[in-house]
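Novice: What shape does this take:
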Amino acid sequence: MPFLLQLPWYDGRVEQTALWCSEARPPAPGRIGPADDSTRADAALRRIRAGEVLVYLGDFQNARQLLAALGRRLARKGRTRAAPLSEVFAAERRQSRTEHELLTRLVVPLGRDYSIPLKRAPDVARACREAWGDPTGPCLVPLRDLLGIIGAHEWRKKGVEVPALGGRVHPHYAVFAPIRGEYVELVAQAARERPEQVRGRRAFDVGTGTGVLALVLARAGASVVATDVDPRAVACARENAAQLGLADRVRVVEADLFPEGEADLIICNPPWIPEEPVTALDRAVYDPGSSVLTRFLAGARPRLTQGGQAWLVLSDLAERLGLRTASFLPDAIAAAGLAVAWSLSTSPSHPRAKDAEDPLHAARSEERTTLYGLVAR
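Specialist: Presented below is the predicted three-dimensional model:
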């Protein structure tokens, strides 16, 4: 949910106040000043590097162009490919963090009804309500956040085709969309090949997001309790279950990992990379210290019925980047009192795996995503 903080700012004429409304933490107290169509990118970059927040008061489309120009100036050049992949990855994350911190300092004002008082501004009221609920008053929103909200609204309308479901799921704002479909196909394949583990069984889907894996299991005949710690994900999964006619087979609850009770099948697709997230959406990919992964493994066995299985979907990208040792996952599985009964693996199909210009291409092109069938030892 967005941070809300009352901020004073000067629009060039009078002192104003507005709420800071963003997924990003409010900036440290400092100068908040106006920018407009006459503001050049180099001058704007100097101001935001000095800690100033720029409130754009000109043409909305020009504000977008200024944001893009700032992004180009912040983009790293001359990346070395000779460095170890772990160092290249660390540099990429530092750059992402710097870009995020600086680019969120270009903001636009929103009115009490989420209207944008700028020339050529789009109507974003519905998109903002979907993301943040009803407005609480005039606010300042990072333009980068607002463009993300607009994009999320379009994704929500369009949806993402999931062949394993024979339909679409509709991701909400800040809920990770299942664009990379290989992990979904692995679960669908396992459900087809091991129907006795799914059909007529009680299942938990831990960290459900859009609900896509819960829906795949429900289509295969399971009765599923899906959980997520983010209330937006809970609402998203419930809506997708209803739209696909599976609300009677998928119950979605807000919980930190596990619901109450036991299950015959417990499935989890945790964040894959043991690093700090930068944005709200990053939390679906980045898991500091592999906390979610290890907590899932430690908590799965006590919640399995006799003969039940835990299905863990995980990429080995972290190992290929040198962020986890090869022994980390086997050791964590053993420490949790579990053992691998079977596994299914697949190669990535997303465009970045084929992009030879990506500094991390060597790892991405060799990445394997695996579904582990785990049983109690």
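
Novice: can you pull the contacts of the nearest residue to Tyr286 once chain neighbours are set aside?
Specialist: Excluding its sequence neighbours, the residue lying closest to Tyr286 (Cβ to Cβ, 6 or more residues apart in numbering) is Pro277, at 4.2 Å. Where C-beta positions appear, they are placed from N, C-alpha and C, glycine not excepted. Residues in contact with Pro277 (Cβ atoms under 8 Å, 6 or more residues apart in numbering) are Arg283, Val285, Tyr286, Pro288.

Novice: And the helices in the stretch 51-200 of the chain?
Specialist: 60-74, 85-103, 125-132, 143-158, 182-193 (DSSP state H, counting those that start in this stretch).

Novice: count of residues packed around His170?
Specialist: Applying other Cβ atoms under 10 Å, we find 18 residues neighbouring His170.

Novice: so where does Thr227 fall, helix or strand?
Specialist: Secondary structure from DSSP states H and E places Thr227 in strand 223-228.

Novice: That strand pairs with which strands?
Specialist: strand 202-206 (parallel), strand 250-254 (parallel) (DSSP bridges).

Novice: Buried deepest among the ones you listed, which one?
Specialist: strand 202-206 (a mean of 27; mean count of other Cβ atoms under 10 Å).

Novice: any idea of the mean pLDDT in it?
Specialist: For strand 202-206, mean pLDDT rounds to 98.

Novice: after it comes which helix or strand?
Specialist: helix 212-219.

Novice: Identify the residue nearest the spatially most central residue of the chain in space, chain neighbours excluded?
Specialist: Centroid-nearest residue in the chain: Leu281, 2.8 Å away (criterion: Cα atoms, centre = their mean). Excluding the flanking residues, the one nearest Leu281 by Cβ to Cβ, 6+ apart is Ala174, at 5.8 Å.

Novice: For that neighbour, list the residues it contacts.
Specialist: Ala174 touches Glu23, Ala131, Ala152, Asp230, Arg232, Ala280, Leu281, counting by Cβ under 8 Å, 6+ apart.

Novice: quick one: contacts for the fourth one?
Specialist: The neighbourhood of Asp230, defined by Cβ under 8 Å, 6+ apart, consists of Ala174, Val175, Arg283.

Novice: Does the residue nearest to the centre of the chain touch Ala177 like I think?
Specialist: No - if you go by Cβ atoms under 8 Å, Leu281 and Ala177 don't touch, sitting 9.2 Å apart.

Novice: how many neighbours does Leu317 have?
Specialist: 21.

Novice: Skipping its backbone neighbours, what lies nearest it in space?
Specialist: Glu367 (4.8 Å).

Novice: quick one: the one you found from Ala188, how far?
Specialist: 20 Å (Cβ to Cβ, to the nearest Å).

Novice: repeat for Gln309
Specialist: 16 Å.

Novice: just Phe328 next, same as before
Specialist: 28 Å.

Novice: same thing with Ala75?
Specialist: Distance from Ala75 to Ala188, by Cβ to Cβ: 38 Å.

Novice: who's more crowded, those two?
Specialist: Taking neighbours as other Cβ under 10 Å, Ala75 and Ala188 compare with Ala188 leading, 20 against 9.

Novice: show me the contacts for the residue nearest to that one when sequence neighbours are not counted.
Specialist: Distances taken as Cβ to Cβ, 6+ apart place Ala164 nearest to Ala188, at 3.7 Å, with adjacent residues excluded. For Ala164, the contacting residues are Gly181, Val184, Glu185, Val187, Ala188, Val216, Arg219, by Cβ under 8 Å, 6+ apart.

Novice: Could you dump those residues into JSON lines with pLDDT and distance to Thr294 added?
Specialist: Listed next are those as JSON lines, based on pLDDT from 0 to 100; distance: Cβ to Cβ, whole Å:
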{"residue": "Gly181", "pLDDT": "86", "distance to Thr294": "26"}
{"residue": "Val184", "pLDDT": "95", "distance to Thr294": "24"}
{"residue": "Glu185", "pLDDT": "95", "distance to Thr294": "26"}
{"residue": "Val187", "pLDDT": "97", "distance to Thr294": "21"}
{"residue": "Ala188", "pLDDT": "97", "distance to Thr294": "27"}
{"residue": "Val216", "pLDDT": "98", "distance to Thr294": "25"}
{"residue": "Arg219", "pLDDT": "97", "distance to Thr294": "30"}
